[in-house]
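K.L.:
my questions concern the predicted model and sequence given below.
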Amino acid sequence: MKESRKVLSKSDITKLGLTSSFLQASFNYERMQAGGFTLAMLPFLSKIYKGDKQGLSEAMKNNLDFINTNTNFAGLLMGLLLSLEENNEDRSLIKGLKIALFGPLAGIGDAIFWFTVLPIVAGVCASFAAQGSVLGPIIFFLVYLGIFVLRIVWTHLGYNLGIKAIEKIKTSSQTITKAATILGVTVIGGLIASYVHIDIATQVSISDGHILSIQKDFIDRIFPNILPMGYTLFMLFLLRKKMSPPLLIFGTFAIAILLSGVGIL
Amino acid sequence: MHSITFDQGIWLAVMSIIIGIDFWLESLYIFRPIIVCSVTGWIIGDLQTGLIAGSLTELAFAGLTPAGGTQPPNPVLAGVMTTVIAYTTGVDPKTAIGLALPFSFLMQYIILFYYSCFSFFMVKADQYAEEANVKAFWRLNILTTAIVAATYGIVVFLSTYVAQDSMQVLVSSMPEWLTHGFEIAGGILPAVGFGMLLKVMLKGQYVPYLIIGFVVASFVKFANLLPVALFGTALAMYEYYNSKDKASIVHNNSRKGEDYSEGI
């Protein structure tokens, strides 16, 4: 009954890797990335369902369900789904797999690209830029250009693995996410020490000519950067208490201006 | 004191259209402040200010990411305005970050508004899917992206070229303790972003790694963060292979169990 409709070539999958960038073209709160997700696969769905308007319509409607995944890994999912469409798999299987996989992929992708790669690359490149070196933005651009090109690789991977990919992703997603989180958290610890600056300006004069700087003579000697760490953890505490980031940003400004006004910072 | 010329305003708008589309689609990451500030600096003829502003703004925005469907304060407007304000008013880039924030929030709210509005387009998308109307489906997605792109161009032109005089008046009328306060806040601001990253990532089991990264960076002298990243990589690899071994032991045990029952 089910006959395969193998029509997609290798270069089609490479193109899919590039068109996967349309993922967020019509992002909205109702269905998130559904519109762009469908758009990215549309040229290839058209090819698979050539002359079958009913089939194309079904495939388009299927992809218009709510979806929210990682932009870098979207191609992997698209390649996988297209291989199933080509194989003429059951509509409910295709739909089920899409729903089962977009969450884990978003989890791994966000852990790797937003919470691990970004702090590291941003930290390293910012230290170059701070010294006035153009290498900062150039390295940053090249790293992310490389990550962009990798989209083609993920897409081929998803397409070639077909159904086999599902088990693989599900079994290794936790290990990968955990390792990525460890790397990310370590770097954030370093970023807090290097890039959050709080210096107490208050000085205490003990006797004539002897001035004690609370920052230099007290805090820096006992534990440098303890204030930045403390303030970051305080922010974390407030965020966990459901305070909104804009409120914390405004609050930080208010405190900084107040303490600057009275001469403590 | 410098000023933004009409031509520079136009070029900044063109740049923001391209970068705004990139942020909308999240593809090349040229929307990150380190790139936005540097290109802005290059356009207005002060690359050095752009690079310094880029370094500061990038770190202030390190945790303010759109991961998980949330919309952070807009990094494009933050980047453009931090650089432009530092250039036109002569304040320190650290202070300029604070003055750029209202523009960043403004653009964030515009995008949030679009996220809601574009829900109405989904009715059309459903209809085109029903008809298998490929061309109309394309047009719909191009329209939404074009609306966002045009908005970036207009907002940036108004913020940089049109509003620069009032910005200068505002800054020059600020007392010294207030500008100093802004500068202090610019230095503390990354804490909010790092707090947001930790909110997502930090569970009890990861606290040791936060401490290790913090202590290494506090007590070891180095020029950039690469050593800390390598430290983290070593720890991550250790954990990865460790838990992989554990997983395969569990897997083998369960397989043995199955064989046993099948044997019976």
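P.N.:
That came through fine. Just so it is clear, the structure is predicted and the values come from calculations on it, not from any experiment.
K.L.:
lowest-pLDDT helix or strand in chain A?
P.N.:
Least confident helix or strand of chain A, by mean pLDDT, DSSP states H and E, is strand A:203-207 with a mean of 72.
K.L.:
next SSE downstream of that strand?
P.N.:
strand A:210-213 (DSSP states H and E).
K.L.:
for that next one, packing partners?
P.N.:
The contact analysis (3 or more C-beta pairs under 8 Å, 6 or more residues apart in numbering or on different chains; DSSP states H and E) places strand A:210-213 against strand A:203-207. Yep, even glycine has a C-beta here, placed from its N, CA and C like the rest.
K.L.:
partner strands of the strand it packs on and their direction?
P.N.:
strand A:210-213 (antiparallel) (DSSP bridges).
K.L.:
show residues contacting the partner strand.
P.N.:
Applying C-beta atoms under 8 Å, 6 or more residues apart in numbering or on different chains, the external contacts of strand A:210-213 come out as A:200, A:202-206, A:218.
K.L.:
mean confidence score for whichever helix or strand comes after it?
P.N.:
Next helix or strand after strand A:210-213 toward the C-terminus (DSSP H and E): helix A:220-222. For helix A:220-222, the mean pLDDT works out to 74.
K.L.:
in helix A:220-222, what counts as buried?
P.N.:
Buried residues in helix A:220-222, counting neighbours by 16 or more other C-beta atoms under 10 Å in any protein chain shown, are absent.
K.L.:
on the three-state scheme, the nearest residue to residue A:21 once chain neighbours are set aside is what?
P.N.:
Excluding the flanking residues, the one nearest residue A:21 by C-beta to C-beta, 6 or more residues apart in numbering or on different chains is residue B:27, at 4.4 Å. Following DSSP: H, G, I helix; E, B strand; the rest coil, residue B:27 is assigned to coil.
K.L.:
now the least confident helix or strand of chain A, how far from the centre of its chain.
P.N.:
49 Å (C-alpha atoms, centre = their mean, to the nearest Å).
K.L.:
OK, contacts around residue A:55?
P.N.:
residue A:49.
K.L.:
pretty sure it sits in a strand.
P.N.:
No - going by three-state DSSP, the assignment for residue A:55 is helix, not a strand.
K.L.:
report pLDDT for it.
P.N.:
On the pLDDT scale, residue A:55 gets 92.
K.L.:
do the one 3 residues further on as well
P.N.:
The predicted structure scores residue A:58 at 92 on the pLDDT scale.
K.L.:
which residue is the nearest non-sequential neighbour of it?
P.N.:
residue A:91 (6.6 Å).
K.L.:
C-alpha coordinates for the least confident helix or strand of chain A, CSV please?
P.N.:
Extracted C-alpha coordinates of strand A:203-207, given in CSV (Å, rounded to 0.1, in the frame of the first residue of the first chain):
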residue,chain,number,x,y,z
GLN,A,203,37.3,55.3,53.0
VAL,A,204,37.8,55.5,56.7
SER,A,205,40.5,57.7,58.1
ILE,A,206,42.1,56.2,61.1
SER,A,207,44.6,58.8,62.0
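K.L.:
one step back: the residue nearest to residue A:58 and residue B:205, how far apart?
P.N.:
41 Å (C-beta to C-beta, to the nearest Å).
K.L.:
can you check residue B:166 too?
P.N.:
52 Å.
K.L.:
these two - which one has more neighbours?
P.N.:
residue B:205 (12 against 9; other C-beta atoms under 10 Å in any protein chain shown).
K.L.:
the more buried one should be in a helix, yeah?
P.N.:
Yes - Residue B:205: assigned to a helix according to three-state DSSP.
K.L.:
and the residue of the stretch 51-200 of chain A nearest chain B?
P.N.:
residue A:189 (2.6 Å; C-beta to the nearest C-beta).
K.L.:
if I've got this straight, that residue is in a strand?
P.N.:
No - secondary structure of residue A:189 (three-state DSSP): helix, not part of a strand.
K.L.:
chain neighbours aside, what residue packs nearest to it?
P.N.:
Leaving aside its sequence neighbours, residue A:189 sits nearest to residue B:213 (C-beta to C-beta, 6+ apart; 2.6 Å).
K.L.:
what's the answer for residue B:5, then?
P.N.:
Spatial nearest neighbour of residue B:5, excluding adjacent residues (C-beta to C-beta, 6+ apart): residue B:161 at 8.0 Å.
K.L.:
residue contacts, the residue nearest to residue A:189?
P.N.:
Contacts of residue B:213 (C-beta under 8 Å, 6+ apart): A:185-191, A:193, B:228, B:231-232.
K.L.:
got CSV for the residues you listed, with pLDDT, neighbour count and distance to residue A:42 too?
P.N.:
Listed next are those as CSV, based on pLDDT from 0 to 100; neighbours: other C-beta atoms under 10 Å in any protein chain shown; distance: C-beta to C-beta, whole Å:
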residue, pLDDT, neighbour count, distance to residue A:42
A:185, 88, 30, 40
A:186, 89, 32, 42
A:187, 83, 31, 39
A:188, 86, 32, 40
A:189, 90, 30, 45
A:190, 87, 29, 44
A:191, 83, 29, 41
A:193, 88, 24, 48
B:228, 83, 28, 44
B:231, 87, 21, 46
B:232, 87, 29, 41
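K.L.:
so, low pLDDT: which residues of chain B?
P.N.:
Scanning chain B for pLDDT under 70 picks out B:1, B:67-70, B:222-224, B:247-264.
K.L.:
so which strand or helix has the residue in it that chain A sits nearest to?
P.N.:
Nearest to chain A in chain B, going by C-beta to the nearest C-beta, is residue B:213, at a distance of 2.6 Å. Here residue B:213 is covered by helix B:207-219, with elements defined by DSSP H and E.
K.L.:
go through that helix and flag the buried ones.
P.N.:
B:209-210, B:212-218.
K.L.:
what about the helices in the stretch 101-250 of chain B?
P.N.:
B:121-131, B:134-157, B:164-172, B:176-188, B:190-201, B:207-219, B:226-263 (DSSP state H, counting those that start in this stretch).
K.L.:
so what's the residue count around residue 79?
P.N.:
With no chain named, the answer covers chain A. Neighbours around residue A:79, by other C-beta under 10 Å: 28.
K.L.:
that answer is for a different chain, and I need it for chain B
P.N.:
Neighbours of residue B:79 (other C-beta under 10 Å): 32.
K.L.:
next up, the contacts around it.
P.N.:
B:32-37, B:40, B:53-54, B:57.
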